[in-house]
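1. Quick one: sequence plus predicted model below, questions after.
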Amino acid sequence: MKYMLNIYGDMSEYEDLTPEQNAEVMQAYDAFWQEASKSGVILAGEALEQPETATAVKVRDGERLVTDGPFPETKEQLGGFYLVECKDLDEAIEWAAKIPGAQNGTIEVRPVVNFEQ
């Protein structure tokens with residue numbers, strides 16, 4: 001079964017990182033990627049640009065509403081994701097706990113709908 005592991009965190013925590021601290025964070029994510037790739041569970045993964053680059057689109061009563069980010073009503077914002085294929089939710093949770101962002105943010109584990117079933 002496929003699961004989306006969405007990485008949520010407070011992006012302001014990264015603003016004051018030294019280059020060395022940023023390198024440590026990137027090394028931790030690279031180590032996760034390498035481990036998950038070797039195991040065969042990784043299907044895709046990407047980091048996202050800062051929340052200020054986001055655009056939200058809604059359609060209400062036939063009218064398109066476009067809002068630029070950031071969205072101050074939320075403290076944690078989506079910073080990236082991994083798409084994994086695991087045998088079950090328990091395995092997906094094990095992988096989610098290994099993502100470095102779980103240490104100071106939240107990893108949302110969501111099953112991907114299989115429309116072919």
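-> Yep, it's here. All figures in this text were calculated on a predicted structure; none of them were measured in a lab.
2. What ranges does this protein have for its strands?
-> Here the chain has its strands, by DSSP state E, at 2-9, 42-47, 55-60, 63-68, 77-85, 106-111.
3. Would you convert these into TSV that also reports mean neighbour count?
-> Every C-beta, even on glycine, is put in place using the N, C-alpha and C of the backbone. Converted to TSV, the strands of the chain look like this (neighbours: other C-beta atoms under 10 Å):
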stretch	mean neighbour count
strand 2-9	21
strand 42-47	13
strand 55-60	8
strand 63-68	9
strand 77-85	19
strand 106-111	15
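4. got these as JSON lines, with mean pLDDT and distance to P100 columns?
-> Listed next are these as JSON lines, based on pLDDT from 0 to 100; distance: least, C-beta to C-beta, whole Å:
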{"stretch": "strand 2-9", "mean pLDDT": "95", "distance to P100": "9"}
{"stretch": "strand 42-47", "mean pLDDT": "96", "distance to P100": "12"}
{"stretch": "strand 55-60", "mean pLDDT": "88", "distance to P100": "27"}
{"stretch": "strand 63-68", "mean pLDDT": "89", "distance to P100": "29"}
{"stretch": "strand 77-85", "mean pLDDT": "94", "distance to P100": "11"}
{"stretch": "strand 106-111", "mean pLDDT": "95", "distance to P100": "10"}
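5. Dump these to TSV, plus distance to A97.
-> Shown next, in TSV, are these (distance: least, C-beta to C-beta, whole Å):
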stretch	distance to A97
strand 2-9	10
strand 42-47	15
strand 55-60	30
strand 63-68	33
strand 77-85	12
strand 106-111	7
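6. between these, which one is nearest to A23?
-> Closest of these to A23 is strand 42-47, at 14.8 Å (criterion: C-beta to C-beta).
7. Neighbouring strands of the closest one in the sheet, and parallel or not?
-> strand 77-85 (antiparallel) (DSSP bridges).
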